[in-house]
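[1] Here you go, sequence then predicted model.
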Number of protein chains: 2
Amino acid sequence: MQFSDNPSEASRPFLTWQNIIDWAQTHYRDRIFRKDEQIPARPQLLYLVNQGAVRLIGKVPDDKSYDFQVESTESPLDSDRAEESFLGFIRSGQPFEIVSQSSFSLHAYAHVDHTHVIWLYWSDLENWPHFRQEIYEAFRYQHQRKLLWLSALGQRRTIDRLTSFLTLLIEEYGDDYEQNYCLPYTLTHAQIGSAIGSTRVTVTRLMGKLRRQGVISIQEDNSICLINNYSIKNNTKP
Amino acid sequence: MQFSDNPSEASRPFLTWQNIIDWAQTHYRDRIFRKDEQIPARPQLLYLVNQGAVRLIGKVPDDKSYDFQVESTESPLDSDRAEESFLGFIRSGQPFEIVSQSSFSLHAYAHVDHTHVIWLYWSDLENWPHFRQEIYEAFRYQHQRKLLWLSALGQRRTIDRLTSFLTLLIEEYGDDYEQNYCLPYTLTHAQIGSAIGSTRVTVTRLMGKLRRQGVISIQEDNSICLINNYSIKNNTKP
């Protein structure tokens, strides 16, 4: 169902992946990005992350035709910033695309240094029907994960949204590390807040609480781990 | 990209759809559901809505291993209810599936009376490769919509989440009605609250505000409309 860095783990023929990377490089359809550099992704194109990781961001339209009173208790400085939402990672071996079907917009950034991305048209995949099938399966899987993510965000209490969000994220991307599951990427508290409809300040306070409760721990490199006994019951990693 | 009720609007051959419905009925793989009746959907199966509409619901695990103080100001009665999140509609002509890859779970309910659903295995679609391709395209489209929905929910202010949520929903499902776009299904304020991480009470208050501001209007049958000048800039309906 999912692609993998390690060809021995994956059911897909590794040769196809390498063929496509080679083809993209031959056709100047690849580029390496620095951490936090925006990937100038366009609709209609399909992108594959060959190395590193990509961060997806959503933006809501800023030309809203209404002007309500601020309801939250945030400082004006916080509220003034254009709202960007963290929508998840695309890791090495996974595809992504940027839609343009709404006033809402999606954007992609390299999340780590040396993120290597290639791009192609869907029609280019006609030469590789099995690979195209795998791309569809990858999007089907991503869709299923986003439905779970939406479930998490429907919760009223910020601490519940935060805990569920971290659980889902680590369930999907986490690595085994001394019997805990840890996120292999760092995320700032502002980025976490932008995913769960909260603020940096609130996330910092609640992360402290989760740490004291023994739900999460923070590694020296700032990566977030779920403590062993806070079970990920059905780990879905391939 | 999307299926349609009306065969003349759709690029797919109408015959395939009818063939599949016939095949499902011959094999006793169809059923008609009453409004709010749960569809006993199982993972691994693929479901097609032939008539009516389905409501997807997400549930978060209720056996959380932590027990935090309630942070919200909701009444105990509100907070005691198991949290279910509204995740969207699957309308006639669209597929859905129920994943089981996490402690989070998805559930499907008929949203209107006489909702007719058929089901099949993915392998059954080997006889209809073009149709299978369309199913994948439909899930790809649904995934893109859910990314926009996640962007909406990342906003801090409840009124912003509510406005964006209604905009996205009506953009996707809305019908043209006297120059406004209206949702063809009713949604309770509790259901809206469950989608945007808020409560029935807050949604009722903010819906009143949006009405007074002329952003939305409510029809006699309780359906929600976006007022004409609150533009849906790029209508995505097929």
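    Received the coordinates, thanks.
[2] how many neighbours does residue A:181 have?
    Residues lying near residue A:181 (other C-beta atoms under 10 Å in any protein chain shown) number 23. Heads up, the C-betas are built off the backbone N, CA and C, glycines and all.
[3] next one: the top helix by length along chain A to chain centre, how far?
    Longest helix of chain A, by residue count under DSSP state H: helix A:129-153. Computed by C-alpha atoms, centre = their mean, to the nearest Å, the chain-centroid distance of helix A:129-153 equals 12 Å.
[4] Let me know whether it sits next to chain B.
    Yes. Helix A:129-153 lies within reach of chain B by C-beta under 8 Å from any C-beta of the partner chain, at A:136, A:139-140, A:142-153.
[5] quick one, whichever helix or strand comes after that helix and helix B:129-153 angle?
    For helix A:129-153, the following helix or strand on the C-terminal side (DSSP states H and E) is helix A:158-173. Here helix A:158-173 runs at an angle of 140 degrees relative to helix B:129-153 (axes from the mean of the first three to the mean of the last three C-alpha atoms, to 10 degrees).
[6] Could you pull up the mean pLDDT of the longest helix of chain A?
    Per-residue pLDDT over helix A:129-153 has a mean of 94.
[7] mind checking which helix or strand of chain A has the lowest mean pLDDT?
    Lowest by mean pLDDT, DSSP states H and E among the helices and strands of chain A is helix A:76-80, with a mean of 42.
[8] so where does the residue nearest to residue A:199 when sequence neighbours are not counted fall, helix or strand?
    Counting by C-beta to C-beta, 6 or more residues apart in numbering or on different chains, residue A:199 lies nearest to residue A:193, which is 5.0 Å off, once chain neighbours are set aside. For residue A:193, the host element (DSSP H and E) is helix A:189-196.
[9] The helix or strand following that helix close to chain B?
    Later in the chain than helix A:189-196, the nearest helix or strand by DSSP H and E is helix A:200-212. Yes. Contact of helix A:200-212 with chain B (C-beta under 8 Å from any C-beta) involves A:209, A:210.
[10] Over to stretch A:173-181?
    No. Legend: contact between stretch A:173-181 and chain B by C-beta under 8 Å from any C-beta is lacking; minimum distance shown is 12.6 Å.
[11] cool, and stretch A:32-49?
    No. Stretch A:32-49 is not in contact with chain B by C-beta under 8 Å from any C-beta; minimum separation 9.8 Å.
[12] which intervals of chain A have sub-threshold pLDDT?
    When residues are selected by pLDDT under 70, those of chain A lie in A:1-14, A:63-82, A:228-238.
[13] If we ignore the residues flanking it in sequence, what's nearest residue A:140?
    Nearest in space to residue A:140, with sequence neighbours left out and distances taken as C-beta to C-beta, 6+ apart, is residue B:139 at 5.0 Å.
[14] Does the one you found touch residue A:138 like I think?
    No. When contacts are counted by C-beta atoms under 8 Å, residue B:139 is not listed as touching residue A:138 (11.0 Å).
[15] between those two, which one's more packed in?
    Using other C-beta under 10 Å as the criterion, residue B:139 and residue A:138 rank with residue B:139 on top: 23 against 19.
[16] Give the buried subset of the residues of helix A:129-153 next to chain B as a ChimeraX selection command.
    In ChimeraX, this line selects whichever of the residues of helix A:129-153 next to chain B come out buried by 16 or more other C-beta atoms under 10 Å in any protein chain shown:
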select /A:136,139,140,142,143,144,145,146,147,148,149,150,151,152,153
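[17] Just give me the closest of the residues of helix A:129-153 next to chain B to chain B.
    Taking C-beta to the nearest C-beta as the measure, residue A:151 is the one of these closest to chain B, at 2.6 Å.
[18] Against residue B:164, how distant is that closest one?
    Here the criterion is C-beta to C-beta, to the nearest Å. By it, residue A:151 lies 18 Å from residue B:164.
[19] one step back: where does the helix holding residue A:193 sit relative to the chain's centre, distance-wise?
    12 Å.
[20] for it, packing partners?
    When contacts are defined as 3 or more C-beta pairs under 8 Å, 6 or more residues apart in numbering or on different chains; DSSP states H and E, helix A:189-196 sits against strand A:84-91, helix A:129-153, helix A:158-173, helix A:200-212.
[21] Can you tell me how far the residue nearest to residue A:140 is from residue B:132?
    Remark: distance between residue B:139 and residue B:132 (C-beta to C-beta) = 11 Å.
[22] Equivalent analysis for residue A:83, please.
    Relative to residue B:132, and taking C-beta to C-beta, residue A:83 is found at 38 Å.
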